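>>> Predicted model and sequence follow; I will ask about them next.
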Amino acid sequence: MQAQYRTQEGVHYDIESSGYMRVTEPEMDQNLRDAIRMVINELTSSSGEVSQWTLREITARYRNLYRIKDPFVLDYYINRYMSGLRSVYPLYINDAIERIMSNGYDRPVIVQYNGKYYETNITLKREDLDSIAIRVSQMMGKKISSGSPIAYGNLQNFRSIVTFGDDVTPFGSSLYLERRHVVADPEAMSSMKDPMVSAYLIMALENMRSIMIIGPDSPMKIAIIYHLIRMIGSEKKIAYIGENGRFDFPRNIVYMMPRERTVFSSEISRTDLINTALRQRPDFIVVNGLTARELPAAVQAITTGHPTLSSMDIDSIENFSSLFSDPSTGLSKDMISLFDVVIEIADNGEYVKAIYEYDRLEGQEVLYNVPFSADRKRKLVFSGYSGIFRRMSKVIGEDSFRQALENRMKELDGGA
């Protein structure tokens, strides 16, 4: 029994049995092959970056010259070629496919769809799989070779692991791509919604403090970003930079998504988008997935009066602090004070390990207060001291602050 599963960008995905999916790309005749070759030759021979308008003009010219009837099929094959993903490309662009796995040369590529695994009609020869492994590593900003045969990290909406050659696996190079689907509110968020923790974070945001979230890539991280955005006053303007940024509640948010370079579009980095966001004059800039290379742009935003909520895939407060003495970032140690609060997610990505506040520098050592840390039950427990609480109590008086904190906690606890 054959059931057509999906069609996307002219690609057919057909489930032909309980464990087999056939992927059929748009039909390619000689005219289409010639048109693709001519477009690629013209693009690669041009000096400098080709504008999107010029790219459209080039493809339209060769589409007409070779009488390509389908207006999208030429664009598809050029983007396929430029992606470097070869016959994996149609799987990559289909957002309903959850996992893509190739476990060696001349073996069928396996995909996961709707929780079920399917063997596909796609097999990768040594040349193809080795080339894809190198390309995926490059897209993650990593290098892979026979001397360093494993690379892993994040690739746009994917978590990726690739190996190169025969040394790691007996069947040759391998590829694993797992599409990251966000869980908006994992159960572990209950600790972050504790009235004391929530009151603390709301007061920090009301005082325009910048917050950094560190830890492994996990649904917990984006859930915390959502949680913090909900705490910001609805009248505030927010610039959101990154993926997974569409919210189900009305907000004054400008969405900006980074983009890799393709044949039809130039690269747009988070640094570019932070600079663009500054011109929008937002009250807050949210950067999901900041890298060490982009950290200076976030620092610049804070110094120009734009508090940020950012997340980084970095595994400890010590390693985060070390970025401010790393020559590659060009940031001085004292600049770390711009990130008033650091939320650290545990190594397993399942709960918040601690909340830190910048305190002071002693020589080259960064000292933090730890107002909240997780107990054995993963509940965030107040240590009894917060620099943010202390500064507020000095401004409005200790008694007034204590009463304001109690009122806020009662409000957050449903008026109990």
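That came through, no problem.
>>> in the stretch 201-350 of the chain, which spans are helices?
Using DSSP state H, counting those that start in this stretch, the helices of the stretch 201-350 of the chain run over 219-231, 270-279, 295-303, 317-322.
>>> would you put the C-alpha positions of the longest one in CSV?
Think helix 219-231. Taking C-alpha atoms only, helix 219-231 is exported to CSV below (Å, rounded to 0.1, in the frame of the first residue of the first chain):
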residue,chain,number,x,y,z
PRO,A,219,14.4,23.3,25.8
MET,A,220,14.9,24.7,29.2
LYS,A,221,16.9,27.6,27.8
ILE,A,222,14.3,28.9,25.4
ALA,A,223,11.6,28.3,28.1
ILE,A,224,13.5,30.6,30.4
ILE,A,225,13.7,33.3,27.7
TYR,A,226,9.9,33.0,27.2
HIS,A,227,9.4,33.3,30.9
LEU,A,228,11.5,36.4,31.2
ILE,A,229,9.8,38.1,28.2
ARG,A,230,6.5,37.5,29.9
MET,A,231,7.8,39.5,32.9
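>>> Can you give the distance from that helix to the centre of its chain?
14 Å (Cα atoms, centre = their mean, to the nearest Å).
>>> May I see the buried residues of it?
219-229 (16 or more other Cβ atoms under 10 Å). All C-beta atoms are positioned from the backbone trio N, CA, C, and that covers glycine.
>>> got it, and stretch 282-297?
Quick answer for stretch 282-297 (16+ other Cβ under 10 Å): 282-290, 292, 294-297.
>>> for stretch 402-413, same thing?
404-405, 408-409, 412.
>>> Turn those residues into JSON lines, columns for secondary structure.
As requested, the buried residues of stretch 402-413 are exported to JSON lines (DSSP: H, G, I helix; E, B strand; the rest coil):
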{"residue": "404", "secondary structure": "helix"}
{"residue": "405", "secondary structure": "helix"}
{"residue": "408", "secondary structure": "helix"}
{"residue": "409", "secondary structure": "helix"}
{"residue": "412", "secondary structure": "helix"}
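>>> Closest to residue 17 out of those?
residue 412 (53.2 Å; Cβ to Cβ).
>>> so who does the closest one touch?
195, 198-199, 202 (Cβ atoms under 8 Å, 6 or more residues apart in numbering).
>>> same deal with residue 145?
The neighbourhood of residue 145, defined by Cβ under 8 Å, 6+ apart, consists of residue 164.
>>> which residues of the stretch 251-400 of the chain score low on pLDDT?
Applying pLDDT under 70 to the stretch 251-400 of the chain flags residues 251, 259-267.
>>> State the distance from the nearest residue to residue 404 once chain neighbours are set aside to residue 204.
Nearest residue to residue 404 in three dimensions, chain neighbours excluded: residue 396, at 7.1 Å (Cβ to Cβ, 6 or more residues apart in numbering). Counting by Cβ to Cβ, to the nearest Å, the separation of residue 396 from residue 204 is 16 Å.
>>> So these two - more neighbours on which side?
Set residue 396 next to residue 204 and count neighbours by other Cβ atoms under 10 Å: residue 204 wins out with 23 against 12.
>>> Spatially central residue for the chain, please.
Centroid-nearest residue in the chain: residue 289, 4.6 Å away (criterion: Cα atoms, centre = their mean).
>>> Double-check that residue against residue 313; I have them as touching.
Yes: applying Cβ atoms under 8 Å, one finds residue 289 in contact with residue 313, separated by 7.4 Å.
>>> between the two, what contacts are shared?
residue 154.
>>> Sketch out the strands for the stretch 101-250 of the chain, chain order is fine.
108-113, 116-123, 150-155, 158-163, 174-179, 211-214, 237-241 (DSSP state E, counting those that start in this stretch).
>>> Compare the mean pLDDT across those and name the weakest.
Mean pLDDT is lowest for strand 150-155 among the strands of the stretch 101-250 of the chain, at a mean of 84.
>>> the inter-axis angle of it versus strand 174-179?
20 degrees (axes from the mean of the first three to the mean of the last three Cα atoms, to 10 degrees).
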